[in-house]
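A.B. asks: Here is the input, now give the coordinates:
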Amino acid sequence: LYADRGYDHDCYRKRVRARGIVPAIARRGTGHGSGLGVYRWVVERTFAWLHGFRRLRVRWERRADIHEAFLKLACCLITHRQLNSFC
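C.D. replies: All right, here's what the predicted structure looks like:
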């Protein structure tokens, strides 16, 4: 589990370890450059791509299956765009 300094507390580390997950939580007061931002940027970039689809930015559908279908369609379109950019 990767987390930023906002989750730097022993109670969070204990809860995560109790579930068998190894935490990589940045410590407060330490210098930057731990490498955690590399993974976070990928997630934030993906959310930005998904928010490029107006229908996903604000959830208008009441039914979860319809929202999930639009989410899967958006992921397919994002993947298609990425594959086309390599060619």
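
A.B. asks: going forward, measure contacts and count neighbours with C-alpha atoms only.
C.D. replies: Fine.

A.B. asks: and Ala48, what does it touch?
C.D. replies: By CA atoms under 8 Å, 6 or more residues apart in numbering, the contact set of Ala48 is empty.

A.B. asks: Assign a three-state SS to it, would you?
C.D. replies: Classification of Ala48 by DSSP: H, G, I helix; E, B strand; the rest coil places it in helix.

A.B. asks: Quick check: longest helix in the protein by residues?
C.D. replies: Secondary structure of the chain per DSSP state H: the longest helix is helix 64-86.

A.B. asks: avg pLDDT for that one?
C.D. replies: For helix 64-86, mean pLDDT rounds to 93.

A.B. asks: Ok, stretch 42-57 next?
C.D. replies: 86.

A.B. asks: swap in stretch 28-36?
C.D. replies: For stretch 28-36, the mean per-residue pLDDT is 67.

A.B. asks: Now Pro23. Its backbone dihedrals?
C.D. replies: With angles defined as degrees, to the nearest 10, Pro23 sits at phi -80, psi 140.

A.B. asks: what's it in contact with, if anything?
C.D. replies: Contacts of Pro23 by CA under 8 Å, 6+ apart are 1-3, 13, 16-17.

A.B. asks: let's go with 7 Å and repeat that
C.D. replies: Applying CA atoms under 7 Å, 6 or more residues apart in numbering, one finds that Pro23 lies in contact with 1-2, 13, 16.

A.B. asks: Distance check, it against Gly29.
C.D. replies: Pro23 is 18 Å from Gly29, where distance means CA to CA, to the nearest Å.
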